[in-house]
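[1] Predicted model, plus sequence, below.
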Amino acid sequence: MPSLLALAAALAGCGKESAHNTLPPLADVATFEVAPASISGGHGWDGVVEAVRRADLSAQTAGRVTSVDVDVNARVAVGTVLMRISAVEQEAGANTARAQLRAAEASAVEAQQNYRRFAALADGQYVSRAQIDQARAARDAAVAARDAASAQLAQAAQQAAYTVVRAPFDGVVARRDVEPGESISPGQPLISVYAPGELRIEVAVPQTRAEAIRRDPRASVLLPGGRTVAPAKVTVFPVADVATHSVNVRIELPGLDPMPAPGTTAKVVFNADATPAGSSGAMLHIPASAVAQRGELSGVYVRQGNRLILRQLRLGASDGDMVEVISGLNAGDKVASDPVVALQAVTAQRKAAGDTHD
């Protein structure tokens, strides 16, 4: 591929060549004619089926897996026990927290009674004001210690509850990542569950087609096995990807029997036809191999008579070996198939032109 300096030099050379009335013959370079894509019958994009509701459950406490009660493809109801983790340390922590709470409650009761006694003696001036303040402070400290012990018990009880992993909703087990006897740590993946009745597909369409699809969201979805269904809802995202200049479209599938498996591919064909083939602004695609690109510069060599001119392009989404051209080319332009061969031809022509003028 030509380097960035070579591409820049070729761009600069185009301006210099225009000053010559005649140029030496250009070497034979294979070209192709840019033609608009026909989309009168609708255009399709491939996407992946995914679950709307999917939960990847991970460990929230450390321990050893004592039992796994379900396997992949198992249907589970909300609250069903999926697996259990050893709870010796967690239960010991909860029991310690309960004992500390009982001790804190007893201290709080004692401090409250002492304060009441001092407050009763204060009317007869049998105790000093400082003693009353000390009793009040002791009561408040005991109450705070009781509340802290209660919070610690709640935390310890929650850690013990994490040892039983339950299904968050009605669904199907999609993946199991652990086996009985394994030691696990917080954050480690355990089980994945998805709801089979709520599926969707997301496809990335060129920004030139997004507005047409937004106006006419009708589509058909070709599922594995040859089934074709109409989507329940089509949502066009309001922003485009800055790197690919494509817009995501979300297609929600209706209830089907059987439902396609998440992760399988499907083709979405939209009925929108904003630009008929051959009209101004029609969608153009060229082979990706014809594009000379280094960094942010993308261009192709366009033949104009006896010259090859490097023209900068703005590219859109790729579709296999083809890439969409947003701007920089028109239907009917003749583009060099190989940018390396084109650059060599331009260099040879310029060298010959320099020798002639010498």
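    Right, received. Where do you want to start? Numbering: from 1, shown residues only.

[2] got the residue ranges for the helices in the stretch 151-300 of the chain?
    For the stretch 151-300 of the chain, applying DSSP state H, counting those that start in this stretch gives helices covering 207-215.

[3] where do the strands sit along it?
    Applying DSSP state E, counting those that start in this stretch to the stretch 151-300 of the chain gives strands spanning 164-166, 171-176, 183-184, 189-194, 199-206, 219-222, 228-229, 233-240, 246-252, 265-270, 284-287, 292-294, 297-304.

[4] Check the stretch 1-150 of the chain too.
    Using DSSP E, counting those that start in this stretch, strands in the stretch 1-150 of the chain cover 31-33, 43-51, 54-58, 63-68, 75-76, 81-85.

[5] what about those strands, which gets the closest to Arg250?
    strand 43-51 (9.3 Å; Cβ to Cβ). In short, each C-beta sits where N, CA and C put it, glycine included.

[6] And the closest one, what's buried?
    Within strand 43-51, the residues that qualify as buried are His43, Gly44, Trp45, Gly47, Val49, Ala51, counting by 16 or more other Cβ atoms under 10 Å.

[7] would you list those residues in a markdown table and tack on pLDDT?
    Formatted as a markdown table, the buried residues of strand 43-51 follow (pLDDT from 0 to 100):
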| residue | pLDDT |
| --- | --- |
| His43 | 64 |
| Gly44 | 74 |
| Trp45 | 82 |
| Gly47 | 87 |
| Val49 | 91 |
| Ala51 | 91 |
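
[8] rank the strands of the stretch 151-300 of the chain by pLDDT, which is bottom?
    Comparing mean pLDDT across the strands of the stretch 151-300 of the chain, the weakest is strand 292-294, with a mean of 81.

[9] Give me the buried stretch members for that strand, please.
    Neighbour-count burial for strand 292-294 [16+ other Cβ under 10 Å]: Ala292, Gln293.

[10] What is the least confident helix or strand in the chain?
    Using mean pLDDT, DSSP states H and E, the weakest-scoring helix or strand in the chain turns out to be helix 4-17, at a mean of 46.

[11] Report the buried residues of the top helix by length along the chain.
    If each helix of the chain is counted by residues according to DSSP state H, the longest one is helix 88-122. Neighbour-count burial for helix 88-122 flags 90, 93-94, 97, 100-101, 104-105, 107-108, 111, 114-115, 118 (criterion: 16+ other Cβ under 10 Å).

[12] For Ala167, state which of the residues you listed is nearest.
    Gln90 (20.8 Å).

[13] show me the contacts for that closest one.
    Thr61, Gly63, Ala156, Gln159, Ala160, Tyr162, Thr163 (Cβ atoms under 8 Å, 6 or more residues apart in numbering).

[14] before we move on, what about Ala266?
    With Cβ under 8 Å, 6+ apart, Ala266 has these contacts: Asp46, Gly47, Val48, Val49, Ile201, Val221, Leu222, Leu223, Pro224, Pro260.

[15] excluding its backbone neighbours, what's nearest it?
    Leu223 (5.1 Å; Cβ to Cβ, 6 or more residues apart in numbering).

[16] got it, and Val300?
    Counting by Cβ to Cβ, 6+ apart, the residue nearest Val300 is Val335, at 4.9 Å.

[17] Show me what the helix or strand harbouring the one you found is packed against.
    According to DSSP states H and E, Val335 maps onto strand 334-336. Strand 334-336 sits against strand 31-33, strand 297-304, with contacts defined as 3 or more Cβ pairs under 8 Å, 6 or more residues apart in numbering; DSSP states H and E.

[18] count of neighbours near Asn306?
    When counting by other Cβ atoms under 10 Å, one arrives at 12 neighbours for Asn306.

[19] I figured it was touching Leu23, is that so?
    Yes. Applying Cβ atoms under 8 Å as the test, Asn306 and Leu23 come out as touching, 5.4 Å apart.

[20] Buried residues, stretch 293-303. List them.
    Neighbour-count burial for stretch 293-303 [16+ other Cβ under 10 Å]: Gln293, Ser298, Gly299, Val300, Tyr301, Val302, Arg303.

[21] Tell me the one among the residues you listed nearest to Val249.
    Nearest member of the buried residues of stretch 293-303 to Val249, counting by Cβ to Cβ, is Ser298, at 25.0 Å.

[22] which residues sit in contact with the residue lying closest to that closest one once chain neighbours are set aside?
    Nearest residue to Ser298, sequence neighbours excluded (Cβ to Cβ, 6+ apart): Leu313, at 4.9 Å. Taking Cβ under 8 Å, 6+ apart, we find Leu313 in contact with Val291, Ser298, Gly299, Val300, Val325, Ile326, Ser327, Gly328, Leu329.

[23] Repeat that for Ala210.
    Val236, Ala240, Val247, Val249 are the contacts of Ala210 under Cβ under 8 Å, 6+ apart.

[24] Who wins on neighbours among these?
    Result: Val249 is most packed of the contacts of Ala210 (other Cβ under 10 Å), 25 neighbours.

[25] Thought Pro238 was touching it, still the case?
    No. With contact defined as Cβ under 8 Å, Val249 does not reach Pro238; the gap is 11.4 Å.

[26] okay, and for the protein, where does confidence drop off?
    By pLDDT under 70, the low-scoring segments of the chain are 1-21, 36-43, 124, 273-283, 317, 319-320, 355-358.

[27] Residue ranges of each domain in it, please.
    4-38+280-357, 43-52+196-270, 55-86+163-194, 87-161 (automatic domain parsing).

[28] ends of the shortest one, how far apart?
    This means domain 55-86+163-194. Domain 55-86+163-194 has an end-to-end distance of 6 Å (criterion: Cα to Cα, to the nearest Å).
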